[in-house]
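K.L.:
Need a 3D model of the following:
(2 chains)
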Protein chains: 2
Amino acid sequence: MDEQFFEDLKEKIQPYFEGVNSCHDFSHTERVKNLALQIGEKEGADLEIIEIAALLHDIARKEQDESKGKICHASRGVEMARKLLEEQKYNPEKIEKIIHCIATHRFRDEKNSPKSKEAKILFDADKLDSIGAVGLLRAASFSGHIGAKIHNTLEEAKNGKDYSKEDTVFREFLIKLSKIKDKCMTETGRRIAESRHHFMEDFFDKVNKEFIGEQ
Amino acid sequence: MDEQFFEDLKEKIQPYFEGVNSCHDFSHTERVKNLALQIGEKEGADLEIIEIAALLHDIARKEQDESKGKICHASRGVEMARKLLEEQKYNPEKIEKIIHCIATHRFRDEKNSPKSKEAKILFDADKLDSIGAVGLLRAASFSGHIGAKIHNTLEEAKNGKDYSKEDTVFREFLIKLSKIKDKCMTETGRRIAESRHHFMEDFFDKVNKEFIGEQ
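P.N.:
Numbers count the residues shown, from 1 in each chain, chains lettered A, B, ... in the order given. The predicted structure follows:
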């Protein structure tokens, strides 16, 4: 597709991201797109499918938030993406490939798992955005939003509760973010996850040292 | 002083930190104390003065916040600290040394500058807690609290406004945190500041790479 197609698409979807929280705003979509394209290149995938699927994967996030989770942004995103692409008279076969990526990017049970290479790449890129340096900023921003502390001990983190003072970045790392490296579906995704995981481990080593007055 | 004195003092001041924001809660006081003691040891300072001054330096922070800044936590802290220490029948000469540290830890104009070694060390330790890995967590938590984005471009950061979507951790680093290394008053403080500064620079390099899909 030409550059203009992507520019038009980006302009069309902008309103869907207005007011969405900082973890899933349009900059998240752009990062996922950039990373998915990098992984796609290494994995020899269809970059056009990846680029469009990445741009559209979270267009129903606002509806999910506003419905307090009643609407699933993956299922609703599929409907919205299909409508958008059909209006553009986009190739019907390719639409199905894009739809598969969007429908499965949230993947929580086997029947909804990413089957195509492009869907696996979108899944990985989306997960990878929650780890590494950006992942730390996202998690810290969220903890600030809910009024949690900036850090806690290993013991507190293990026993902390969601949306509490103990729901810190460190807890998010221990119970959730540290497992992402084992969930990636492509080799390139796994490699990037390992690297970002180590970056986070080093970060928390530094935090723990600073807490006792070292460095 | 014996261990019990410090334990009693810590217990007495706990209520002053209840409800204080995560950047200045009691864990900030503990980190400042730990770091000030480390610096004090290297600079050959009076560690007893440092430990008590560090524990008490922010006891009026809650009053400052509740008065929306009308009360200065350094001036009010001086009154509260003096009362606390006199009640303990603490050595009057040492009280004056501690008071000087608390009165000048905020240091914004020459007439209120830290003159003693211990006061300079408290000033440095307090500033150093806003940089490095902990500084990043503090700034990111604050940006989440005010609903800012997680990151922005150099251009946006330079033109951003306080308490806006552009008031990101990166902006805080560019306009404020990057200058702390030039403000430190002790050699050990400056050395730690340089190291924490480079840690933050590396962190933002990583963030900027992740934004375009690298690593």
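K.L.:
Distance of A:Arg108 relative to A:Pro114?
P.N.:
12 Å (Cβ to Cβ, to the nearest Å). Where C-beta positions appear, they are placed from N, C-alpha and C, glycine not excepted.
K.L.:
Looking at those two, which has the bigger crowd around it?
P.N.:
Remark: of A:Arg108 and A:Pro114, A:Pro114 carries more neighbours, 21 against 10, as counted by other Cβ atoms under 10 Å in any protein chain shown.
K.L.:
and the more buried one, what pLDDT?
P.N.:
Listed pLDDT for A:Pro114 reads 96.
K.L.:
quick one: secondary structure of it?
P.N.:
When classified by DSSP: H, G, I helix; E, B strand; the rest coil, A:Pro114 comes out as coil.
K.L.:
For it, give me its contacts.
P.N.:
Residues near A:Pro114 by Cβ atoms under 8 Å, 6 or more residues apart in numbering or on different chains: A:His100, A:Cys101, A:Thr104, A:His105, A:Phe107, A:Lys120, A:Leu122, A:Phe123, A:Met185.
K.L.:
let's see it at 10 Å
P.N.:
Applying Cβ atoms under 10 Å, 6 or more residues apart in numbering or on different chains, we find A:Pro114 in contact with A:100-101, A:103-107, A:120-124, A:185-186.
K.L.:
Mind telling me the two of those farthest from one another?
P.N.:
A:Ala103 and A:Thr186 (18.1 Å; Cβ to Cβ).
K.L.:
among the contacts of A:Pro114, who's most crowded?
P.N.:
Busiest of the contacts of A:Pro114 [other Cβ under 10 Å] is A:Ile121, holding 34 neighbours.
K.L.:
The residue nearest to the spatial centre of chain A and chain B, how far apart?
P.N.:
Nearest to the centroid of the C-alpha atoms of chain A, with distances taken as Cα atoms, centre = their mean, sits A:Asp126, at 3.0 Å. A:Asp126 sits 13 Å away from chain B, going by Cβ to the nearest Cβ, to the nearest Å.
K.L.:
Longest helix in chain A, by number of residues?
P.N.:
helix A:187-211 (DSSP state H).
K.L.:
Is chain B within reach of that helix?
P.N.:
Yes. Contact of helix A:187-211 with chain B (Cβ under 10 Å from any Cβ of the partner chain) involves A:191-192, A:195-196, A:199, A:202-211.
K.L.:
Just name the shakiest helix or strand of chain A by mean pLDDT.
P.N.:
When the helices and strands of chain A are scored by mean pLDDT, DSSP states H and E, helix A:154-159 comes last with a mean of 84.
K.L.:
Would you mark the buried spots in stretch A:2-18?
P.N.:
Of all the residues in stretch A:2-18, those buried under the rule 16 or more other Cβ atoms under 10 Å in any protein chain shown are A:Leu9, A:Ile13, A:Tyr16, A:Phe17.
K.L.:
now the angle between helix B:187-211 and the longest helix of chain A, please.
P.N.:
Put simply, helix A:187-211 runs at 160 degrees to helix B:187-211, going by axes from the mean of the first three to the mean of the last three Cα atoms, to 10 degrees.
K.L.:
got the buried residues for helix A:187-211?
P.N.:
A:188-190, A:192-193, A:196-197, A:199-200, A:203-204, A:206-208, A:210-211.
K.L.:
Just the buried residues of stretch A:78-91, please?
P.N.:
Applying 16+ other Cβ under 10 Å to stretch A:78-91 flags A:Val78, A:Met80, A:Ala81, A:Arg82, A:Leu84, A:Leu85, A:Tyr90 as buried.
K.L.:
For B:Ile71, state which of those is nearest.
P.N.:
A:Met80 (52.2 Å).
K.L.:
Now the nearest residue to the closest one once chain neighbours are set aside: which helix or strand?
P.N.:
Excluding the flanking residues, the one nearest A:Met80 by Cβ to Cβ, 6 or more residues apart in numbering or on different chains is A:Ile59, at 5.3 Å. Under DSSP states H and E, no helix or strand contains A:Ile59.
K.L.:
A:Ile59 contacts A:Tyr16, correct?
P.N.:
Yes. A:Ile59 lies in contact with A:Tyr16 (Cβ atoms under 10 Å); the separation is 4.5 Å.
K.L.:
Need the overlap of contacts for those two.
P.N.:
A:Thr29, A:Gly77, A:Met80, A:Leu84.
K.L.:
As TSV, those residues with pLDDT and secondary structure would be great.
P.N.:
As requested, the shared contacts of A:Ile59 and A:Tyr16 are exported to TSV (pLDDT from 0 to 100; DSSP: H, G, I helix; E, B strand; the rest coil):
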residue	pLDDT	secondary structure
A:Thr29	96	helix
A:Gly77	94	helix
A:Met80	96	helix
A:Leu84	95	helix
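K.L.:
which of those residues lies closest to B:Asp2?
P.N.:
Proximity of the shared contacts of A:Ile59 and A:Tyr16 to B:Asp2 (Cβ to Cβ) peaks at A:Thr29, which lies at 59.0 Å.
K.L.:
In this structure the closest one contacts A:Ala54, no?
P.N.:
Yes. Using Cβ under 10 Å as the test, A:Thr29 is close enough to A:Ala54 to be in contact (6.9 Å).
K.L.:
Same drill for those two, tell me which one is more crowded.
P.N.:
A:Ala54 (28 against 24).
K.L.:
what's the spacing between that one and chain B?
P.N.:
In terms of Cβ to the nearest Cβ, A:Ala54 sits 10 Å off from chain B.
K.L.:
Does that residue touch A:Leu122 like I think?
P.N.:
Yes. If you go by Cβ under 10 Å, A:Ala54 and A:Leu122 touch, sitting 5.9 Å apart.
K.L.:
Common neighbours of those two, please.
P.N.:
A:Val32, A:Lys33, A:Leu35, A:Ala36, A:Gly40, A:Ile98, A:Cys101, A:Ile102, A:His105.
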